[in-house]
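heads up, no residue letters with this:
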């Protein structure tokens, strides 16, 4: 990969998670990538970011970035309500796309993006980087090898402390599409599907108990999967880190896997395997940076003309479950998913 011309990246929404994680941990260390240009609405913030990363080009209009011939792929890290418009525009300019999660505001918008990418022949990946975590991949290997027997249940917990902050877009329904479920819980939904496959039924509770903002700070989603297993995804904006294990649990007919501190933005954490008739043991797979892995997976897909692991079609299924969870919470009934 490094012997080929690097993929030139443009960033739409260069502050926030792009600056904290994806640029320094994902794009810059990737031998198949080159940071070309930044875009954001505030020039006073872009100039120091460009200097920080040694980039000579920054734009305040996404159209200007998309017209840049050196930009081969874009990373969209803007607020959720902008994803559809920006991703469709990127596809129409022939740019490959890594779009932050959640994919978009609703199922219809997700389908619009997928259709545009197909029409324009560009690759599309969505930022569910936790699939690449070494502990989650090791758990997947053990599940596929039958170490746990048949899976019967799974659980993902993701909690953090996100207090009232006037003007924060994640706390504004029209800009975020939802609260802790849309921001945190959808990661758990994505991981559940990686292990358990397609879902058939959803029952959920979403409420705001601790904060004053109009999106949920507390969410619990129960999912029934086609293969017969059950899953629980709980996500909270009112749970400080010391009280949140932020882990994954997989239970099968032969044993269980429990991870701790693997759910989140870090590439660290622990995995514990418990199998009937054997002593419990800690498993330590080779660490992988989850942001570099998601970037390099899209680069691979571009080079090989194949689908990224976190494709738009995969993210659409996550969105369908999340939307069903919101409907369940509103109506007080379980929602059956369309086949």
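That came through, no problem. Just so you know, these numbers come straight off a predicted model, no measurement behind them. Residues are numbered from 1 along each chain as shown.

residues near the closest residue to residue 241 other than its chain neighbours, how many?
Residue nearest to residue 241 in three dimensions, not counting chain neighbours: residue 160, with 6.7 Å by Cβ to Cβ, 6 or more residues apart in numbering. (C-beta placed from N, C-alpha, C; glycine too.) Residue 160 has 18 neighbours, counted by other Cβ atoms under 10 Å.

again, but for residue 146
11.

so it sits in a helix?
No - counting by DSSP: H, G, I helix; E, B strand; the rest coil, residue 146 falls outside a helix, being coil.

still on that earlier bit, thought the residue nearest to residue 241 was touching residue 239?
Yes - the pair residue 160 / residue 239 is scored as a contact, 6.6 Å apart, by Cβ atoms under 8 Å.

what's the following helix or strand after the helix or strand hosting residue 45?
Here residue 45, judged by DSSP states H and E, is contained in helix 43-53. Scanning forward in sequence from helix 43-53 by DSSP H and E, the next helix or strand is strand 57-59.

what distance do you get for the residue nearest to residue 241 to residue 18?
19 Å (Cβ to Cβ, to the nearest Å).

and what of residue 64?
Taking Cβ to Cβ, one finds residue 64 at 17 Å from residue 18.

between these two, who's got more neighbours?
Higher neighbour count among residue 64 and residue 18: residue 18, with 23 against 14, using other Cβ under 10 Å.

for this protein, which residues score under the pLDDT cut-off?
When residues are selected by pLDDT under 70, those of the chain lie in 1-3.

most remote residue from it's center?
Taking Cα atoms, centre = their mean, the residue of the chain most remote from its mean C-alpha position is residue 277, at 36.3 Å.

does residue 138 touch residue 282 like I think?
No - using Cβ under 8 Å, residue 138 is not in contact with residue 282, being 11.5 Å away.

show me which of the two is the more surrounded one.
residue 138 (18 against 8).

where's that one, which helix or strand?
Counting by DSSP H and E, residue 138 is part of helix 134-144.

identify all contacting residues around that helix.
130-131, 148, 151, 191, 194-195, 248, 250, 252, 257, 259, 262, 267, 269-271, 273, 283, 285-288 (Cβ atoms under 8 Å, 6 or more residues apart in numbering).
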